[in-house]
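> Need coordinates for the following:
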Amino acid sequence: MLKTPLHSFHLDHKGHMVEFAGWEMPLYYSSIMDEHKQCRTSGALFDVSHMGRVVMQGRDAGRFLERICTRRIGDMQPGQCRYSLVCNEQGGVHDDVIVYRRDVTDFLVVVNASNRAKLLGHFEKVRSAGNFTLTIDDQTERTAMIALQGPKIIPLATKLAPEVGALKRYRFLDKNLVITTLTISRTGYTGEDGVEVILPAGAVGMALKLLGGEMDPAKPDATIRPCGLGARDTLRIEAGMPLYGHELGEEIPATSCGVDFAISMDKDGDAQGEPFIGLPALRKIAAEGGPARKLVGLEIDGKRAARQGMAVRKGDAPAGIVSSGCFSPTLSKSIAMAFVDVAHTAVGTSLSVDTGKGATLEAKVVALPFYKVGK
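Numbering: from 1, shown residues only. Reported below is the predicted structural model:
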């Protein structure tokens with residue numbers, strides 16, 4: 001099992017360790033509920049070093065990314081990040097990724113841990129088939145990645161690096177610190193403001209020391225506390241953010257997943273007119289009336305949570321399936337995301353969830369996200 005550069009940090013802070021996508025990761029330290037609230041009210045540190053970090057450089061790096069990404073890449077500015085999908089030929093989703101553009105021919109692609117090996121194989125296959133000239137360097141195990149999320153993070157980060165305060169959402173900068181360089185992006189997966197930091201594996205100790213007394217578990221009012229995968233999941237569900245294996249998958253059409261903003265249906269690729277992989281299939285689905293089901297938010301009556309795989313019904317008729325669900329610590333109600341027949345996706349529609357154990361949960365369709373800063 002792989003260990004991140006923060007492994008000893010997790011053990012020192014009494015992290016409850018579990019296997020996740022081949023890595024030993026903390027599920028929680030104190031409790032999922034407490035860590036969720038810490039992120040929403042102050043600041044949270046998440047180890048996301050298990051996420052893949054792949055550097056693509058060379059003459060055809062941009063053109064290659066246009067071919068594999070559903071989002072336009074060519075109009076990105078240096079210092080900009082962009083969320084995109086990587087699709088298969090049938091319009092299903094290999095993964096969702098974040099693309100960082102450093103320069104005209106220099107990109108970083110952050111991918112999900114569970115899909116890193118699959119995507120590296122996909123990248124090689126596409127590069128060979130298209131005769132693209134670029135290097136593809138998987139730097140995951142040589143680097144670390146830390147997410148600092150919460151309403152107090154940007155003010156704190158600005159004290160440590162004043163230029164962070166000027167960063168816009170989905171922008172990044174490279175910060176030189178004595179003998180190393182940090183890549184700091186104003187991105188995250190919690191619905192809160194904050195940053196994600198990529199750095200050499202050997203520089204983790206120095207980076208954590210910069211936080212000083214702001215992250216002292218012995219202090220009840222510490223600005224930052226370490227948080228695990230459990231809170232990361234409940235936070236992203238509240239924020240309506242998709243997760244591969246739940247809202248995204250090889251058999252799920254990309255246009256069903258609630259991220260249409262990340263799919264440039266009019267993007268025909270490079271000068272030769274080659275579209276991104278999966279675009280012809282997605283256009284065919286659109287021409288035939290669109291996907292049969294779309295992702296919606298569900299608000300559940302009572303405190304019992306709907307779970308992935310539970311059937312959604314309209315009256316006695318099947319109407320969909322739950323993809324993710326939890327009891328929301330922020331909203332104090334049960335929420336879920338589900339793929340529902342398009343006829344029943346209007347906000348306010350009454351539905352039910354079959355638990356499979358003789359119980360039915362009453363639900364109604366609500367707008368996503370469930371939680372948004374300032375909402």
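> Would you mind giving the domain segments of the protein?
Domain assignment for the chain by automatic domain parsing gives 2-50+141-238, 52-116+244-282, 293-366.
> okay, how far is it across the shortest one, tip to tip?
What that stands for is domain 293-366. Terminal residues of domain 293-366 lie 16 Å apart, using Cα to Cα, to the nearest Å.
> Nearest to N131 among the domains of the chain would be which one?
Ranking the domains of the chain by proximity to N131 (Cβ to Cβ) places domain 52-116+244-282 first, at 8.5 Å. For the C-beta atoms, the positions are set from N, CA and C on the backbone; glycine is no exception.
> sorry, back to before: now the domains of the chain in a markdown table, with mean pLDDT, distance to T135 and mean neighbour count?
A markdown table is the format used below for these (pLDDT from 0 to 100; distance: least, Cβ to Cβ, whole Å; neighbours: other Cβ atoms under 10 Å):
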| stretch | mean pLDDT | distance to T135 | mean neighbour count |
| --- | --- | --- | --- |
| domain 2-50+141-238 | 93 | 15 | 19 |
| domain 52-116+244-282 | 94 | 5 | 19 |
| domain 293-366 | 96 | 36 | 18 |
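> Please name whichever of the ones you listed is nearest to K372.
domain 2-50+141-238 (6.5 Å).
> tally of neighbours for A292?
By other Cβ atoms under 10 Å, 15 other residues sit near A292.
> Show me the beta-bridge partners of E362.
Counting by DSSP bridges, E362 is bridged to S352.
> Show the contacting residues for it.
E362 makes contact with 300-302, 350, 352, according to Cβ atoms under 8 Å, 6 or more residues apart in numbering.
> and of the domains of the chain, who's closest to V373?
Checked against Cβ to Cβ, the stretch from the domains of the chain lying closest is domain 2-50+141-238, at 6.4 Å.
> re the thing from before, just send the contacts of E362 back as CSV, with distance to D193 and secondary structure too.
Shown next, in CSV, are the contacts of E362 (distance: Cβ to Cβ, whole Å; DSSP: H, G, I helix; E, B strand; the rest coil):
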residue, distance to D193, secondary structure
I300, 28, strand
D301, 32, coil
G302, 32, coil
S350, 35, strand
S352, 36, strand
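> closest to S185 among those residues?
Minimum distance to S185 across the contacts of E362 is 34.1 Å, recorded for I300 (Cβ to Cβ).
> Could you give the bridge partners of the closest one?
S334, A363.
> Roughly how far does it sit from D47?
From I300 over to D47 the distance is 31 Å, taken as Cβ to Cβ, to the nearest Å.
> any chance of the domains of the chain in a markdown table, with distance to A129 too?
Shown next, in a markdown table, are the domains of the chain (distance: least, Cβ to Cβ, whole Å):
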| stretch | distance to A129 |
| --- | --- |
| domain 2-50+141-238 | 27 |
| domain 52-116+244-282 | 10 |
| domain 293-366 | 31 |
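> of all these, which lies closest to L134?
Judging these by Cβ to Cβ, what sits closest to L134 is domain 52-116+244-282, at 3.4 Å.
> Could I get the CA-only coordinates of the longest helix seen in the chain as PDB?
Criterion DSSP state H: the longest helix present in the chain is helix 116-130. Output in PDB follows, covering the C-alpha atoms of helix 116-130 (Å, rounded to 0.1, in the frame of the first residue of the first chain):
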ATOM      1  CA  ARG A 116      -4.300   7.400 -12.400                       C
ATOM      2  CA  ALA A 117      -3.000   4.100 -13.900                       C
ATOM      3  CA  LYS A 118      -6.000   3.900 -16.300                       C
ATOM      4  CA  LEU A 119      -5.400   7.500 -17.500                       C
ATOM      5  CA  LEU A 120      -1.700   7.100 -17.900                       C
ATOM      6  CA  GLY A 121      -2.500   4.100 -20.200                       C
ATOM      7  CA  HIS A 122      -5.100   6.200 -22.000                       C
ATOM      8  CA  PHE A 123      -2.700   9.100 -22.500                       C
ATOM      9  CA  GLU A 124      -0.100   6.800 -24.000                       C
ATOM     10  CA  LYS A 125      -2.600   5.200 -26.400                       C
ATOM     11  CA  VAL A 126      -3.900   8.600 -27.600                       C
ATOM     12  CA  ARG A 127      -0.300  10.000 -28.000                       C
ATOM     13  CA  SER A 128       0.700   7.000 -30.100                       C
ATOM     14  CA  ALA A 129      -2.400   7.000 -32.200                       C
ATOM     15  CA  GLY A 130      -2.200  10.800 -32.900                       C
END
